[in-house]
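Enquirer: the sequence and its predicted three-dimensional model are supplied below.
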Protein chains: 2
Amino acid sequence: MNAIRTARERARAELTLEIKREARRQLAEVGSAQLSLRSVARALGMASSAIYRYFPSRDELLTALILDAYNALGDAAEKADRPEAAPRERWMLVCAAVREWAMAHPHEYALLYGTPVPGYKAPAETLDPGTRIVRRCAEILLAGRPLRPAFPGPLEAELDGQMRAVAEAAGLDLRPEEITRLLMAWSQLFGLVGFELFGQFANSADPAGPFFRHATAQMADFLGLRRPRPLSAGG
Amino acid sequence: MNAIRTARERARAELTLEIKREARRQLAEVGSAQLSLRSVARALGMASSAIYRYFPSRDELLTALILDAYNALGDAAEKADRPEAAPRERWMLVCAAVREWAMAHPHEYALLYGTPVPGYKAPAETLDPGTRIVRRCAEILLAGRPLRPAFPGPLEAELDGQMRAVAEAAGLDLRPEEITRLLMAWSQLFGLVGFELFGQFANSADPAGPFFRHATAQMADFLGLRRPRPLSAGG
DNA sequence: GTGAAGGCAAGAGCGGTGCTCTCTTTTTGG
DNA sequence: CCAAAAAGAGAGCACCGCTCTTGCCTTCAC
């Protein structure tokens, strides 16, 4: 029942893809604010009003692009991950993949992690693909056990409850304090990438490659992922 | 010679302020993408073309708003700082002030730290006010010496050079490794605030207050700012 | 096979935008 | 007092998102 049956349906599916492809092309060139349905229609040789048969509004088209972008970023990160490698290395690989994807698709990255589209609120279906990265990081954290101990004291009650709820909702066997480490590393990662991409590191860590590697290694320490046994020359 | 002399000049200065004020009002309501010169002109009862006597383009108006916003945020952070307090507490105060300002002015914050305005590249004069926060954090770091030791090994050569250049350019007596800690904490802070503001913490650390306090305390540890002497009951 | 139903493209049109140009009025300074 | 400079107003251009109507053509039921 999932098969595309009639010629009309086939044409519709293909045109939908073509519209998204052209929109993504223009998005990469001029950014989301300058992306216009009319110019997409022009490039495809169709009337602007015809686009509305496929996407009821510009926001709906952007939502589709956001969904695709989340999945493209998730794919890139998961493809870069090597589950057989040491957890610390896996974390570094995922971080590097996120950064590289962002550098290669800055406008799409901005669509995901920059200013939300005006008047736009993320529909429910974007929530799940948006968590692929952090879920993969959670897996890496689990694989890295036993983690080095970190924060000594107990968490504040409300925070503890939130973190327990997160772990339960995600089906993760992580303690509340470990969830906080995860969320901190996650936001740190995207803070770094965003700062680099949006020019905040100009005149300081620029180019940001070495700093990014250093910072993600530090975050690996923070996460409690142990360094590989150093090859000691004398022992 | 800085005095405003003629009535015309006085009117011009006042109207410039009024335009910015109205633009900021609309920015707070609808966001930068929806901010229009025409609606500002309408609200001020003047022809849209007249605005161009004061700001040669929409981007120039936005640049002015960005500059003001950087300074407002810097003011908020500096006002919250208490130089006589313990460095660790000062760091927490500055972090909280940044977050509170961002929550109170989400669209202005997005203008500063969200997706850059399309086709817009930060002019030189926005660079300096944009560093007020991190400069204040650097002062706090200096006041917090001796910092607890952190990263053991030497930095990669290129990174070391960059960090030395940063310290020299800013006139900061901080070692390269300390600069990396500073930049990490800085990007972490804005990563946290951005994630909260743009909804990435929905369904996890939401509301984000407790998590934010926990995370900034952890970052204080990371920076090497010592915890206050716990009051030990037993001497 | 045929006719009704409905998906679809196209065009005109509405109200909005940034920006420019021209024309007129007002203010300034010699 | 008068020329020059500055400022305001209006029309207009090209673009935008979106809607509505019209007519074509595929699809489906009989």
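Expert: That came through fine.

Enquirer: dump the least confident helix or strand in chain A by mean pLDDT to PDB, restricted to CA.
Expert: Lowest by mean pLDDT, DSSP states H and E among the helices and strands of chain A is helix A:124-127, with a mean of 76. Listed next in PDB are the C-alpha coordinates belonging to helix A:124-127 (Å, rounded to 0.1, in the frame of the first residue of the first chain):
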ATOM      1  CA  ALA A 124       6.200  17.900  16.700                       C
ATOM      2  CA  GLU A 125       7.700  15.900  13.900                       C
ATOM      3  CA  THR A 126      10.900  17.900  14.000                       C
ATOM      4  CA  LEU A 127      11.500  17.200  17.700                       C
END
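
Enquirer: who are the packing partners of the very next helix or strand once past that helix?
Expert: Next in sequence after helix A:124-127, counting helices and strands by DSSP states H and E, comes helix A:132-143. If you count contacts as 3 or more CB pairs under 8 Å, 6 or more residues apart in numbering or on different chains; DSSP states H and E, helix A:132-143 packs onto helix A:58-80, helix A:87-104, helix A:176-197. (Glycine included, C-beta is placed from N, CA and C.)

Enquirer: which parts of helix A:132-143 are buried?
Expert: A:132-141 (16 or more other CB atoms under 10 Å in any protein chain shown).

Enquirer: assign the residue of chain A found nearest DNA strand C to helix, strand or coil.
Expert: The nearest approach of chain A to DNA strand C comes at residue A:49, 2.8 Å away (CB to the nearest atom of the strand). With DSSP: H, G, I helix; E, B strand; the rest coil as the basis, residue A:49 sits in helix.

Enquirer: residue ranges with poor pLDDT in chain A?
Expert: Applying pLDDT under 70 to chain A picks out residues A:1-4, A:117-123, A:151, A:230-235.

Enquirer: now do 50
Expert: Chain A contains residues with pLDDT under 50 at A:1, A:120, A:234-235.

Enquirer: which residues of it lie near DNA strand C?
Expert: Chain A comes close to DNA strand C at residues A:8-9, A:11-12, A:15, A:45-50, A:53-54, as judged by CB under 7 Å from any atom of the strand.

Enquirer: hmm, 6 Å instead?
Expert: Proximity of chain A to DNA strand C (CB under 6 Å from any atom of the strand) is limited to residues A:8, A:12, A:15, A:46-47, A:49-50, A:53.

Enquirer: what about stretch A:58-65, near DNA strand D?
Expert: Yes: using CB under 6 Å from any atom of the strand, stretch A:58-65 reaches DNA strand D at A:58-59.

Enquirer: kindly report the same for stretch A:42-53.
Expert: Yes: using CB under 6 Å from any atom of the strand, stretch A:42-53 reaches DNA strand D at A:48-49, A:52.

Enquirer: out of the buried residues of helix A:132-143, who's nearest chain B?
Expert: Relative to chain B, the closest of those is residue A:134; by CB to the nearest CB it sits at 8.4 Å.

Enquirer: neighbours of the closest residue to that closest one other than its chain neighbours, how many?
Expert: Leaving aside its chain neighbours, residue A:134 sits nearest to residue A:186 (4.7 Å; criterion: CB to CB, 6 or more residues apart in numbering or on different chains). Neighbour count of residue A:186, defined by other CB atoms under 10 Å in any protein chain shown: 21.

Enquirer: check residue A:62 too.
Expert: The tally of other residues near residue A:62 (other CB under 10 Å) stands at 19.

Enquirer: cool, residue A:23 as well?
Expert: Residues lying near residue A:23 (other CB under 10 Å) number 26.

Enquirer: measure it to chain B for me?
Expert: Separation of residue A:23 from chain B (CB to the nearest CB, to the nearest Å): 15 Å.

Enquirer: same check, this time on residue A:194
Expert: Residue A:194 is 7 Å from chain B, where distance means CB to the nearest CB.

Enquirer: which residue sits closest to that residue, ignoring its sequence neighbours?
Expert: residue A:113 (5.9 Å).

Enquirer: just residue A:47 next, same as before
Expert: Among residues not flanking residue A:47 along the chain, residue A:41 sits closest, at 6.4 Å (CB to CB, 6+ apart).

Enquirer: residues contacting residue A:167?
Expert: Applying CB atoms under 8 Å, 6 or more residues apart in numbering or on different chains, we find residue A:167 in contact with A:173-176, A:179.

Enquirer: now name the helix or strand holding it.
Expert: Going by DSSP H and E, residue A:167 is in helix A:157-170.

Enquirer: stretch A:211-225 vs chain B: in contact?
Expert: Yes: Stretch A:211-225 comes into contact with chain B (CB under 8 Å from any CB of the partner chain), by way of A:211, A:213-215, A:218, A:222.

Enquirer: tell me which residues are up against that stretch.
Expert: Identification of contacts with stretch A:211-225 by CB under 8 Å, 6+ apart yields A:87-88, A:91-92, A:95-96, A:99, A:140-141, A:144, A:147-150, A:178, A:181-182, A:184-185, A:188-189, A:192-193, A:196, A:201, A:205, A:227, B:151, B:155-156, B:159, B:162, B:180, B:183-184, B:187, B:218, B:222.
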